[in-house]
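Student: Quick one, structure for this:
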Amino acid sequence: MSLQIGHTQLSSVAVLAPMAGMTDSTFRLLCLEQGCGLVYTELVKADCLLRGLTPSLRNVTTAEEERPVGVQLFHHDPDVLAEAARWVEEHIRCDLIDLNMGCPVPKVVSKGAGAALMRQPHLIEQLVRAVVDAVDLPVTAKTRSGWDAEDINAVPVAKAIEAGGGQAVAVHARTRAQRHEGPVDWKLLAEVKRSVTIPVLGNGGIESPAGALA
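Tutor: Okay, the predicted model is just below:
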């Protein structure tokens, strides 16, 4: 089974999801050696990157042997996100820009970014469109099933990403309230897949080869 994102044809759908403090260059290379089809950098706040902060610059630095590799950015402002994406395209060896719309940590959510964006599908479409219009690289996004058990909206969010020009969506099939614990809603993931025409990547709760295949 293959995955086409922009001009990037992946022979494997095994993808390393970006995660702060974990998916550095060394870890990405190890995953690629084991057959991973696509890796992402750690998430980076767009305005910190534009200010040239050393940790942010380090987190988006890639090596040629890591490719295909995506750089993941997050922010709540379309203009700032678009400017950061342009900078990445000009300065970083990468194959796509990924937008984080699923991070559950308070310091991200409190700024209106990450999973907080799932409460504003109209803003998600604007953010994706701003970045798509700013760069030639493919643009993808990572989301969750919803804010909490009472607000499950992965389907309209995925549709907003597609409407904005996003070329793939990754769905962590847990809510922001769950963070990384509890059951994963695979039925919702199937519903998302039926609702859009772009590739859908399943994320969360995969702990074995059998689980990945399922």
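
Student: Which SSE is immediately downstream of the longest strand along the chain?
Tutor: Secondary structure of the chain per DSSP state E: the longest strand is strand 139-148. Using DSSP states H and E, the helix or strand that follows strand 139-148 in sequence is strand 151-152.

Student: what residue ranges in this protein are flagged as low confidence?
Tutor: Within the chain, the stretches with pLDDT under 70 are 1-22.

Student: quick one, helices of it?
Tutor: Remark: helices assigned in the chain by DSSP state H are 25-33, 46-50, 54-60, 78-91, 106-109, 121-134, 154-163, 186-195, 209-213.

Student: hmm, back to that, how far does the longest strand of the chain sit from the chain's center?
Tutor: Here the centre of strand 139-148 is set off from its chain's centre by 8 Å, with Cα atoms, centre = their mean, to the nearest Å.

Student: Any idea what the residue sitting nearest the centre point of the chain is bridged to?
Tutor: Of all residues in the chain, the one closest to the mean position by Cα atoms, centre = their mean is residue 142, 3.3 Å from it. Going by DSSP bridges, residue 142 is paired in beta bridges with residue 100, residue 170.

Student: Would you mind measuring from it to residue 169?
Tutor: Shown here: residue 142 relative to residue 169, a distance of 8 Å by Cβ to Cβ, to the nearest Å. (C-beta placed from N, C-alpha, C; glycine too.)

Student: quick revisit: columns mean neighbour count and distance to residue 147 on top of the helices of the chain, output as JSON lines?
Tutor: Below are these laid out as JSON lines (neighbours: other Cβ atoms under 10 Å; distance: least, Cβ to Cβ, whole Å):
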{"stretch": "helix 25-33", "mean neighbour count": "15", "distance to residue 147": "29"}
{"stretch": "helix 46-50", "mean neighbour count": "20", "distance to residue 147": "22"}
{"stretch": "helix 54-60", "mean neighbour count": "16", "distance to residue 147": "26"}
{"stretch": "helix 78-91", "mean neighbour count": "19", "distance to residue 147": "21"}
{"stretch": "helix 106-109", "mean neighbour count": "14", "distance to residue 147": "9"}
{"stretch": "helix 121-134", "mean neighbour count": "21", "distance to residue 147": "12"}
{"stretch": "helix 154-163", "mean neighbour count": "22", "distance to residue 147": "10"}
{"stretch": "helix 186-195", "mean neighbour count": "15", "distance to residue 147": "14"}
{"stretch": "helix 209-213", "mean neighbour count": "9", "distance to residue 147": "25"}
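
Student: residue contacts, residue 159?
Tutor: Counting by Cβ atoms under 8 Å, 6 or more residues apart in numbering, residue 159 touches 121, 195-196.
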